[in-house]
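Novice: Got a predicted structure plus its sequence, pasted below:
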Amino acid sequence: MAATELKSISLAEVEKHNKEDDLWVIIDAKIYDLSRFKNMHPGGKSVLLEPEVAGQDATEQFFSLHRYEVLNKPQYQRLIVGKVEGEQSQIYDRIVGEASTVPYGEPTWLSPGYHSPYYTEGHRKFQKVVRKFFDEEVSEDAQAREEDGKRPSQSVIDKMAEVNMHAMRMGPGKHLQGKTLMNGLVTPEEFDYFHELIITQEFARTGGRGYGDGLLGGKVIGLPPVLNFGNPELQAKVVPDVLAGKKFICLAISEAQAGSDVFGLQTNAVKTEDGKHWIVNGTKKWITNGTFADFFTVGCKTEDGFTVMLIERGEGVETRQIKTSYSTTAGTAFITFDNVKVPVSNTLGPEGGGIFVILSNFNHERWVMCCASARSQRSVVEECLKWTSQRKAFGGKPLNQLAVIRSKMAAMIARTESLQAWLENITYQMTHMSYKIQADKLAGQIAFLKSYSTQCGQETARDAVQIFGGRGVTKTGMGKHIEHYHRTIAFDAILGGTEDVLADLGVRQAMRHMPKNVRL
Ligand code: HEM
């Protein structure tokens, strides 16, 4: 019910309804009749009967204990009996499609009064439409599937396919040719890495970490080897259906015996005598989207070294779910390949040259993770800024009056801003480099950024839990997003290469490029 249609009731009248069997309270100018609800109130009856609550304006008490979304629930909307005479509701939740007004709630390029050299008017229009799309079509499914652990809904995947979102999430390139992107908002030629960054960051804003991977994260990392190294027949068989959200693909590299250590892989592929097929045997572990994938981009040990190939679900391929600390909506799988017969034409890149296929792919994968990580940390900053200004403690003062809290906030804001700035610089470099040059020039930069992003994320998660206290480790209520972030941040620090391995990779890249003739 809109506030304007509500019956106006005077404050003096509201005050009369302050008894157990006749109990009204005011929250943000709206009057709620809690006479019957008090017995079902999750926070108990007694708090509602306190003299400063019963028949009174309890807005402040309410927002120190509940998220705004409680008020949006239809069962609670039905408790509204009117609005306070002469007053209007002032407080609002996140508005669909709109930018946050909380300081640091948006990157500078989306904050009024700031400038950026990187984004064009076209990027800005694109961001608005993409945000609305994720808010309207994806957010609700993200929260629901994160909770029930089921696969992302096919209806969402279809909606994304309608605007060619699955194709855009693969970044700029030939795969976009001839496609209408976001209903024609951007042409395939104009589409660049900043458009892709926008998509990834808007998606991360929906706040479900398991769902973020479940909604075809496997395709983002598993399809590039097919796009870049598959033969035309293989591409024709796989790419259109995957980009239309009709078939699913995943990247199957890590194994129980080898995670970040790609050279330690044991899954092996041996050629048949006629040389027409590979026979693959082995296992893969922690494979995102593996439980529902139709295609697997698999790294195998071969006679010549390490070879990547595309394997179709079929005889000899089994997948089973692994329960990790994030939601099963991600479809994380343990996979077994038992004498699987794979056409040699499914080989991706040169035989024995799989390392280049995988390494060049890692850059994009890690960069995508950096985009998401920077945005998720910003959401944590926003949650903390809101919480510390609305939560009162230690003598009725907001938490943000405490220097120790502000110092934690300062560190998390600085981390978030530095990540976004570095990310935008690297993204700009990507827009000016071929895929091959990126592999040479940016592998170190991206490895450092990914490693630094997750170190920052882990510190921010820890600080946020300290700020939210018990609520930061509680799955419902005020701190639910903090609990979620804190529980799932470890994924970012592991997937796509662990923090330490990546930091070391960055240094080794620098060592490789050291000129032979410099001295102190
Ligand atoms: C329209 C009025 C209200 C509704 C619909 C409502 C509803 C709820 C709900 C759904 C919860 C569970 C929160 C969660 O875990 O997500 C809750 C908890 C609670 N509510 Fe209310 N509430 C209302 C008013 C109030 C008021 C006026 C107070 C006054 C102090 C209050 C005090 C509490 C407390 C102490 C908790 C427990 C919070 C916690 O576990 O952290 N509620 N309420």
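Specialist: Structure's in. What do you need? All of these numbers come straight from a predicted model, not from anything done at the bench.
Novice: which residue ranges form the helices in the stretch 51-200 of the chain?
Specialist: 59-63, 69-72, 74-77, 121-133, 139-148, 154-162, 165-168, 193-204 (DSSP state H, counting those that start in this stretch).
Novice: Would you format the ones you listed as JSON lines with mean neighbour count included?
Specialist: In short, each C-beta sits where N, CA and C put it, glycine included. Shown next, in JSON lines, are those (neighbours: other Cβ atoms under 10 Å):
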{"stretch": "helix 59-63", "mean neighbour count": "18"}
{"stretch": "helix 69-72", "mean neighbour count": "14"}
{"stretch": "helix 74-77", "mean neighbour count": "10"}
{"stretch": "helix 121-133", "mean neighbour count": "17"}
{"stretch": "helix 139-148", "mean neighbour count": "18"}
{"stretch": "helix 154-162", "mean neighbour count": "16"}
{"stretch": "helix 165-168", "mean neighbour count": "24"}
{"stretch": "helix 193-204", "mean neighbour count": "24"}
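Novice: Put together CSV for those, with mean pLDDT and distance to residue 255 on each row.
Specialist: Listed next are the helices of the stretch 51-200 of the chain as CSV, based on pLDDT from 0 to 100; distance: least, Cβ to Cβ, whole Å:
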stretch, mean pLDDT, distance to residue 255
helix 59-63, 94, 49
helix 69-72, 94, 42
helix 74-77, 96, 48
helix 121-133, 98, 36
helix 139-148, 96, 27
helix 154-162, 98, 29
helix 165-168, 98, 28
helix 193-204, 98, 27
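Novice: Tabulate those (a markdown table), appending distance to residue 401.
Specialist: Converted to a markdown table, these look like this (distance: least, Cβ to Cβ, whole Å):
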| stretch | distance to residue 401 |
| --- | --- |
| helix 59-63 | 15 |
| helix 69-72 | 26 |
| helix 74-77 | 31 |
| helix 121-133 | 33 |
| helix 139-148 | 32 |
| helix 154-162 | 42 |
| helix 165-168 | 44 |
| helix 193-204 | 31 |
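Novice: Tell me what angle the longest helix anywhere in the chain forms with helix 193-204.
Specialist: When the chain is parsed with DSSP state H, its longest helix is helix 354-390. On the basis of axes from the mean of the first three to the mean of the last three Cα atoms, to 10 degrees, helix 354-390 is oriented at 50 degrees to helix 193-204.
Novice: Just checking, which helix or strand succeeds helix 354-390 along the chain?
Specialist: As assigned by DSSP states H and E, the chain's next helix or strand after helix 354-390 is strand 392-393.
Novice: for the next helix or strand after that next one, packing partners?
Specialist: Next along the chain after strand 392-393, taking DSSP H and E as the criterion, comes strand 397-398. For strand 397-398, the elements it packs on are helix 354-390, judged by 3 or more Cβ pairs under 8 Å, 6 or more residues apart in numbering; DSSP states H and E.
Novice: State the mean pLDDT of the helix it packs on.
Specialist: What helix 354-390 shows for mean pLDDT is 94.
Novice: Which one of the helices of the stretch 51-200 of the chain lies nearest to residue 313?
Specialist: Distance to residue 313, taken as Cβ to Cβ, is lowest for helix 154-162 among those, at 17.5 Å.
Novice: what does that closest one rub up against?
Specialist: 137-138, 141, 166, 215-216, 243-246 (Cβ atoms under 8 Å, 6 or more residues apart in numbering).
Novice: Would you mind giving the orientation angle of it with respect to helix 121-133?
Specialist: Using the same axes, to 10 degrees: helix 154-162 against helix 121-133 is 160 degrees.
Novice: and stretch 376-396 with the ligand, contact?
Specialist: No: using Cβ under 6 Å from any ligand atom, stretch 376-396 never reaches the ligand; the gap is at least 10.8 Å.
Novice: just stretch 127-143 next, same as before
Specialist: No: against the ligand, stretch 127-143 shows no contacts by Cβ under 6 Å from any ligand atom, the least distance being 13.1 Å.
Novice: Look through the stretch 301-450 of the chain and state the residue closest to the ligand.
Specialist: residue 391 (10.8 Å; Cβ to the nearest ligand atom).
Novice: For that residue, give me its contacts.
Specialist: Counting by Cβ under 8 Å, 6+ apart, residue 391 has contacts 64, 398-399, 478.
Novice: buried set for the longest helix of the chain?
Specialist: Neighbour-count burial for helix 354-390, with 16 or more other Cβ atoms under 10 Å as criterion, is recorded at 354-355, 357-358, 360-388, 390.
Novice: How about stretch 5-18?
Specialist: Within stretch 5-18, the residues scored as buried using 16+ other Cβ under 10 Å are 6, 9, 14, 17-18.
Novice: Secondary structure, distance to residue 70 and pLDDT for those residues - can I get that in TSV?
Specialist: Converted to TSV, these look like this (DSSP: H, G, I helix; E, B strand; the rest coil; distance: Cβ to Cβ, whole Å; pLDDT from 0 to 100):
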residue	secondary structure	distance to residue 70	pLDDT
6	coil	19	93
9	strand	22	97
14	helix	20	98
17	coil	21	98
18	strand	22	98
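Novice: Which among the contacts of helix 154-162 count as buried?
Specialist: 137-138, 141, 166, 215-216, 243-245.
Novice: which pair in those spans the largest distance?
Specialist: Spatial extent of the buried ones among the contacts of helix 154-162 (Cβ to Cβ) is set by the pair 141 and 243 at 19.8 Å.
Novice: before we move on, what SS does residue 278 have?
Specialist: Per DSSP: H, G, I helix; E, B strand; the rest coil, the local secondary structure of residue 278 is strand.
Novice: looking at it, it is touching residue 269, isn't it?
Specialist: Yes: the criterion here is Cβ atoms under 8 Å, and residue 278 meets it with residue 269 at 4.1 Å.
Novice: any common contacting residues for these two?
Specialist: 300, 302, 309, 342.
Novice: What is the helix or strand hosting residue 446 packed up against?
Specialist: Assigned by DSSP H and E, residue 446 belongs to helix 443-468. Other elements packing on helix 443-468 under the criterion 3+ Cβ pairs under 8 Å, 6+ apart are helix 354-390, helix 403-431, helix 480-494, helix 499-512.
Novice: hang on, the earlier thing: if you count surrounding residues, which of residue 278 and residue 269 has more?
Specialist: Just comparing residue 278 and residue 269: by other Cβ atoms under 10 Å the higher neighbour count belongs to residue 269, 27 against 24.
Novice: What distance do you get for the nearest residue to residue 86 once chain neighbours are set aside to the ligand?
Specialist: Closest residue in space to residue 86, ignoring its immediate chain neighbours: residue 8 at 7.6 Å, by Cβ to Cβ, 6 or more residues apart in numbering. Look at residue 8 and the ligand: by Cβ to the nearest ligand atom, to the nearest Å, they are 19 Å apart.
Novice: how near is the closest residue to residue 310 other than its chain neighbours to residue 317?
Specialist: In space, and not counting its chain neighbours, residue 310 is closest to residue 346: 4.5 Å by Cβ to Cβ, 6+ apart. Note on residue 346: its distance to residue 317, by Cβ to Cβ, to the nearest Å, is 13 Å.
Novice: what residues are shared contacts of those two?
Specialist: Common contacts of residue 346 and residue 317 (Cβ under 8 Å, 6+ apart): residue 311.
Novice: neighbour count winner among the two?
Specialist: residue 346 (23 against 17).
Novice: hang on, isn't that one packed against residue 234?
Specialist: Yes: if you go by Cβ under 8 Å, residue 346 and residue 234 touch, sitting 6.1 Å apart.
Novice: any common contacting residues for these two?
Specialist: residue 310.
Novice: if I pick residue 131, what's in contact with it?
Specialist: 97, 99, 202, 205.
Novice: any idea how far the second one is from the ligand?
Specialist: I take that to be residue 99. Residue 99 is 26 Å from the ligand, by Cβ to the nearest ligand atom.
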